[in-house]
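Trainee: Give me coordinates for this.
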Amino acid sequence: MDAVLCTEKHNTSSSQRKTGTGRWIFHANEYETWNKSDHAFLWMNSLPGYGKTIFASSIIDEILGSSEAEPQTLAYFHCNFGDDRTTDAAAVLRSLVVQFLLGSEVDWFTKIREPEVQGEEELVSLRKF
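Mentor: Numbering: from 1, shown residues only. As a prediction, this is how the structure comes out:
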């Protein structure tokens, strides 16, 4: 039940990326529309080895480094067919949920563990990675 976090994969990909790689997307109307949406979802897929991870690292870094007036919520996941933990739909969803919870202004981990809020005595802590 451990969540797979992709921070290490992202950091590695960012360091491997050549300067300027993927910058073209930030001038595309589709990107602008997606980035300004309150509930947008970006999905990239193609054959293995086509550069999705490196390209995604450009987008992730752009959003993380953004000086937008309103804070943006960001969660990402890298599937890797060489790692069984990253090809399971439940693992992908679990990782994204944990990232959203960690990025929230509300301490959901505490709220989830409070029995009076949930009405259950035994809840598994989402902090267990």
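
Trainee: buried stuff in the helix or strand harbouring residue 11?
Mentor: For residue 11, the host element (DSSP states H and E) is helix 7-16. Across helix 7-16, burial judged by 16 or more other CB atoms under 10 Å covers 9-10, 13-14. No exception for glycine: its C-beta is placed from N, CA and C like everyone else's.

Trainee: by contact count, what packs against it?
Mentor: Helices and strands touching helix 7-16, by 3 or more CB pairs under 8 Å, 6 or more residues apart in numbering; DSSP states H and E, are helix 52-64.

Trainee: Could you list the residues in contact with the helix it packs on?
Mentor: For helix 52-64, the surrounding residues in contact (CB atoms under 8 Å, 6 or more residues apart in numbering) are 9-10, 13-14, 16-17, 21-23, 25-26, 35, 42, 44-46, 72, 74, 76, 78.

Trainee: mind running it again at 6 Å?
Mentor: The contact list for helix 52-64, computed with CB atoms under 6 Å, 6 or more residues apart in numbering, reads 10, 13-14, 17, 21-22, 44, 46, 72, 74, 76, 78.

Trainee: quick one: contacts for residue 79?
Mentor: Contacts of residue 79 by CB under 6 Å, 6+ apart are 86-87.

Trainee: right, I mislabeled it, should have said residue 101
Mentor: residue 108.

Trainee: Helix or strand for it, just tell me which one.
Mentor: According to DSSP H and E, residue 101 maps onto helix 89-103.

Trainee: low-scoring pLDDT stretches of the chain, where are they?
Mentor: 1-3, 67-71, 109, 111-129 (pLDDT under 70).

Trainee: Counting neighbours, what do you get for residue 97?
Mentor: Neighbour count of residue 97, defined by other CB atoms under 10 Å: 14.

Trainee: sorry, that was for residue 46
Mentor: 9.

Trainee: sec struct for it, please.
Mentor: Following DSSP: H, G, I helix; E, B strand; the rest coil, the label given to residue 46 is coil.

Trainee: picking that back up, need the next SSE after the helix holding residue 11, C-terminal direction.
Mentor: Counting by DSSP H and E, what follows helix 7-16 is helix 29-36.
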